[in-house]
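Enquirer: after the sequence you'll find the predicted model.
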Amino acid sequence: MPRTDVTIATQDGSAAATLHTPAGAGGWPAVILYADAGGVRDTFDAMADRLAGLGYAVLLPDIYYRVGGYEPFDLATAFSDPGERERVTKLAASLTGDMVVRDGAAFLDFLAGRDEVTGSGVGTTGYCMGGRLSLIVAGNYPDRVAAAASFHGGNLADPADEHSPYKLADQIRGTVYVAAAENDAFFPPEQYERLERAFNTAGVRHTMQTYPAAHGFAVPDNPTYDAAAADRHWTALADLYGAALHA
């Protein structure tokens with residue numbers, strides 16, 4: 001799939017990103033893909049390419065652009081090695097909810113100005129930490145995000161988090177798909193129930209499911225990658241965006 005290196009002006013600086021598009025003449029509906037806590041790396045480039053191949057212009061932003069150059073993570077050791085776990089945890093904690101909201105506006109504005117993009121409704125998707133980001137953006141820009149997905153997302157209904165997606169449920173207007181992992185400490189049953197209850201109360205069009213796989217199941221370089229669950233996630237994305245972004 002064609003890739004274009006781009007730089008996006010934000011309120012806090014300049015964010016590097018890549019725009020992945022199908023081959024041939026455009027335009028296409030747009031999707032923002034949010035990486036996990038390990039940040040953008042080869043595996044997410046490949047995932048963005050695959051999503052583009054389904055017929056979308058996919059923006060893959062560097063969520064850690066404020067930090068500058070950092071040594072990329074190897075997910076095989078990012079959470080098992082104490083030093084690497086501390087490093088990835090600190091980096092993830094540096095991205096606040098307010099930053100996510102500000103960046104979301106910049107990313108949406110960027111896509112609205114691209115010739116490769118058609119339609120007014122944008123999709124978002126995210127993995128692990130990125131799943132939370134995907135839903136935060138959907139809740140803060142309800143007139144612009146038509147579909148939002150979260151795969152093995154973490155902390156989606158944490159009462160201590162002022163930007164928690166469950167607190168934004170009454171603002172979401174798009175269709176939401178949440179795929180949880182089994183026995184996931186980052187999204188325990190009480191949070192699952194809290195999020196589902198909030199969606200039901202707010203009347204959000206949504207699907208919530210628990211895949212029979214571990215946290216990280218959809219990301220190929222993750223030690224817990226599960227091919228069957230990953231295939232299921234691609235089908236779910238195709239169905240979600242096919243219905244919501246082509247209306």
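Expert: Here it is on my side, so go on.
Enquirer: okay, now the unreliable bits of the protein?
Expert: Counting by pLDDT under 70, the ranges of the chain that qualify are 247.
Enquirer: which element is Ala16 on?
Expert: Assessed by DSSP states H and E, Ala16 sits inside strand 13-20.
Enquirer: which residues does that strand contact?
Expert: Contact with strand 13-20 is made by 1-8, 45, 48-49, 51-52, 57-62, 65-66, 103, 106-107, 110, 114, 116, as judged by Cβ atoms under 8 Å, 6 or more residues apart in numbering. From N, CA and C alone the C-beta is placed, and that goes for glycine too.
Enquirer: and Val6, that one's in a strand?
Expert: Yes: with DSSP: H, G, I helix; E, B strand; the rest coil as the criterion, Val6 is located in a strand.
Enquirer: contacting residues for it?
Expert: 16-19, 110.
Enquirer: recalculate using a threshold of 6 Å.
Expert: Shown in contact with Val6 (Cβ atoms under 6 Å, 6 or more residues apart in numbering): 17, 19.
Enquirer: show me what it bridges to in the sheet.
Expert: Beta-bridge partners recorded for Val6 (DSSP bridges): Ala17.
Enquirer: before we move on, the earlier item: show me the contacts of strand 13-20 that map onto strands.
Expert: Assigned to strands by DSSP state E, the following of the contacts of strand 13-20 qualify: 3-8, 57-61.
Enquirer: now the buried members of the contacts of strand 13-20.
Expert: Buried residues within the contacts of strand 13-20, defined by neighbour count using 16 or more other Cβ atoms under 10 Å: 8, 45, 48-49, 51-52, 57-62, 65, 103, 106-107, 110, 114, 116.
Enquirer: name the SS class of Thr124, please.
Expert: strand.
Enquirer: list the buried ones in the longest helix seen in the chain?
Expert: Using DSSP state H to define each element, the chain has its longest helix at helix 227-244. Of the residues in helix 227-244, 229-230, 232-233, 236-237, 240-241, 244 count as buried by neighbour count, 16+ other Cβ under 10 Å.
Enquirer: and the residues you listed, which two are the farthest apart?
Expert: Ala229 and Ala244 (22.1 Å; Cβ to Cβ).
Enquirer: what pairs with the residue nearest in space to the middle of the chain across the strands?
Expert: With distances taken as Cα atoms, centre = their mean, Gly126 lies nearest the centre of the chain, 1.8 Å away. For Gly126, the beta-bridge assignment (DSSP bridges) gives partners Tyr34, Ser150.
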